[in-house]
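Q: please find the sequence and the predicted model below.
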Amino acid sequence: MDDMKRDLGDLALFGGRAGFLQPLLVGRPNPVDRARLFARLTWALDNQWLTNGGPLTQEFEQRIAHVAGVRNCVATCNATVALQLLAHAAELTGEVIMPALTFAATAHAVRWLGLEPVFCDIDPLTGCLDPQQVRAALSPRTRAVLGVHLWGRPCDVDGLEKLAADAGIRLFFDAAHAFGSTSAGRPIGRFGDAEVFSFHATKVVHSFEGGAVVTDDDELAHRVRSLHNFGIGLEGVSSAGGTNAKMSEASAAMGLTSLDTFEEVVRHNRKNHEHYRTELSGVPGVTVVGFDENEQNNYQYLIVEIDEEISGLHRDLLLDVLSAENVVAQRYFSPACHQLEPYRSRRETHLPHTERLSARVLALPTGSTVSREDIRRVCDIVRVAATHGGELTARRRRASPGGRWRTPHATAGFQQTRVG
Ligand code: T4K
C-alpha cells in the first residue's frame, strides 16, 4: 500500500499513520558548508580578535551592503536591537505608525524605548502598510513610520516615501524577511531613512543570531555604529548614551558562510514554492500566497491562505491536523500585534484587513532541508483536510464540543536537549 492520504480516516488526527516519522518544521536553519564555517572560526581564533568590529564582521557588512545596494551596513547582534538603535539614533519620541500584521518584535522594539506603536491597517493585496491608512493615522505626535516587508514582499515604498516627506517624519523599514528582495527592481535595503535585516537562525541568511542596519544616510549610520558600541565616537552629549549590540566574529563567520550559499537556497525555495503551487492548485479554499514574478524574492516563507467559507476548514484546525502528522506549521502572524498584550488593553483598535488575513494565514515548511517529496506529503494532508473540511470540522466538534483548535505552542518538544 502507498503512503498517500486519500480520506479523513487516513489522517493521524483520526487514527491514521502520521505522515512524517520525524517532525518537519517551519524555520529549520538552512545548512551551511561546515568545512568553510570551521575554517573561518579557526581563522578568527588564530587571529585573536573575536568581536568589536573584527575583520569577519567588516567583511560581512561589506557583502550585505553590496546586496542591499547601500553605502553603509552596521551588523548587530539581532534585528530587534537594530530597530531600537535606529529609533535612538533618530532621537524619536511620541508615536510610530506600523502594521500589526508582523512579528511582535517590531512593536516590542519600539515600545521598549517608551515610544508608542500605533497600528495601522494593511493593503489586503500585499499584507503591507497601506499609505492611505497611514495618512489617516497621522497625529501631531507621529514621528516615524515603520513599514514591514511582510514575508519578503515589498511595501509600497514610493507611496510611503512621499507620505513621510509630506509629513516631515522619518521612515524606516523592518526588512527582517526581505534580504535579497527587490521593489521595482531596486534592492530592499535602500528605502526610507534606513532598513533593518534579521539574520536569525530561521532566516534565509543567518548568523545564528544577527541583524543589520543598512542606509545611505552616512550621518545616521555613524550614529548607529557608535550607539551599538556604547556610544563611543559620538560627538557631544548624546541623550541616548549607547548600548552593546555588536555582532561577534563567530556570528559573522556563520553569516559569511550562509551568504556563500544564499543564491542556491533561494533557488531551492523558489522551486519549493512552485511545487506547493502545483500540488495545491484546485484545492478548495487554499491559496498559496504568491510573489511578483518581475521582482526578486528570497521565498523564505511559504504562506497559504485558508478560506473557511469555501473549504469549511478553519486555519487553526488545519494547524492541528498537520501537527498530528508531525508537520509543525506556524501562524505567521496571528494573533496580530494589536490583538496581543500589552497593546490590546491599551487602545481599542479595529483593523479589518489585518484581522481577516491574520485569521487565515499559515506558514508551511520550506527551506533547503525540505524536499519535493516532503512537499507532496504535506500537500496530501492539506488536500484531504480541505476537500473534507466540513466533515472534518463536524467530527472535531463532536469529539471536543466547544473546544479551541489551537495547540498551545507548536514547537514544544521538538528541540533537542544536549546531554553531557
Ligand atoms: N521583525 C520581523 C518582521 C520579524 O519576523 C522578526 C523575527 C524580527 C523583526 C526580529 O528579528 P530578530 O531579533 O529575531 O533577529 C521566529 C524567530 O525567532 C524570529 O527571529 C522571527 N522573526 C519569527 C518570524 O520566527 P518564533 O517565536 O516563531 O520562534 P520559534 O522558536 O517558535 O521557532 C520558529 C520555528 O523555527 C519553529 O518551527 C522551530 C524552528 N527552529 C527554530 C530555531 C531557533 C529550528 O528548527 N531551529 C532553530 O534553531 O520566532
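A: Nice, I can see it.
Q: what about Ser258, how many neighbours?
A: 27 (other CB atoms under 10 Å). Heads up, the C-betas are built off the backbone N, CA and C, glycines and all.
Q: out of everything not next to it in sequence, what's closest to it?
A: Leaving aside its sequence neighbours, Ser258 sits nearest to Val205 (CB to CB, 6 or more residues apart in numbering; 4.8 Å).
Q: which ones are touching that neighbour?
A: Contacts here follow CB atoms under 8 Å, 6 or more residues apart in numbering; on that basis Val205 touches Phe179, Gly180, Phe199, Gly255, Ser258, Leu259, Phe262, Val265.
Q: read off the pLDDT value for Ile375.
A: At Ile375 the predicted local confidence, pLDDT, stands at 98.
Q: can you offset everything so residue one is 122?
A: Done: numbering now begins at 122, and the last item shifts to Ile496.
Q: that older thread, what's the spacing between the residue nearest to Ser379 and the ligand?
A: Separation of Val326 from the ligand (CB to the nearest ligand atom, to the nearest Å) stands at 12 Å.
Q: with secondary structure added, can I get the contacts of Val326 in a markdown table?
A: Converted to a markdown table, these look like this (DSSP: H, G, I helix; E, B strand; the rest coil):
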| residue | secondary structure |
| --- | --- |
| Phe300 | coil |
| Gly301 | coil |
| Phe320 | coil |
| Gly376 | helix |
| Ser379 | helix |
| Leu380 | helix |
| Phe383 | helix |
| Val386 | helix |
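Q: the residue of the stretch 372-521 of the chain at minimum distance from the ligand pairs with what?
A: Nearest residue of the stretch 372-521 of the chain to the ligand, counting by CB to the nearest ligand atom: Val449, 4.9 Å away. Going by DSSP bridges, Val449 is paired in beta bridges with Leu146.
Q: quick check: closest non-adjacent residue to the closest residue to the ligand within the chain.
A: Evaluated by CB to the nearest ligand atom, the chain has Gly148 as its residue closest to the ligand, separated by 2.1 Å. For Gly148, the nearest residue in space outside its immediate sequence neighbours is Thr323; the separation is 3.8 Å by CB to CB, 6+ apart.
Q: next one: Gly248
A: Closest residue to Gly248 apart from its sequence neighbours, by CB to CB, 6+ apart: Leu271 at 4.3 Å.
Q: burial count for the one you found?
A: Applying other CB under 10 Å, we find 28 residues neighbouring Leu271.
Q: ok, it touching Thr247?
A: Yes - with contact defined as CB atoms under 8 Å, Leu271 reaches Thr247; the gap is 7.4 Å.
Q: my guess is Gly280 contacts Pro252. True?
A: Yes - with the criterion set as CB under 8 Å, Gly280 and Pro252 qualify as a contacting pair; they are 3.6 Å apart.
Q: looking at those two, which has the bigger crowd around it?
A: Per other CB under 10 Å, whichever of Gly280 and Pro252 has more neighbours is Pro252, with 22 against 17.
Q: residue contacts, that one?
A: For Pro252, the contacting residues are Asp277, Gly280, Leu281, Lys283, Leu284, taking CB under 8 Å, 6+ apart as the criterion.
Q: in helices only, show me those residues.
A: Residues from the contacts of Pro252 lying in helices, with DSSP state H as the criterion: Gly280, Leu281, Lys283, Leu284.
Q: all helices for this structure, in order.
A: Assigned by DSSP H, the helices in the chain fall at 155-168, 176-189, 200-210, 225-232, 252-258, 278-288, 339-348, 370-381, 383-401, 429-432, 436-445, 473-479, 493-508, 510-520.
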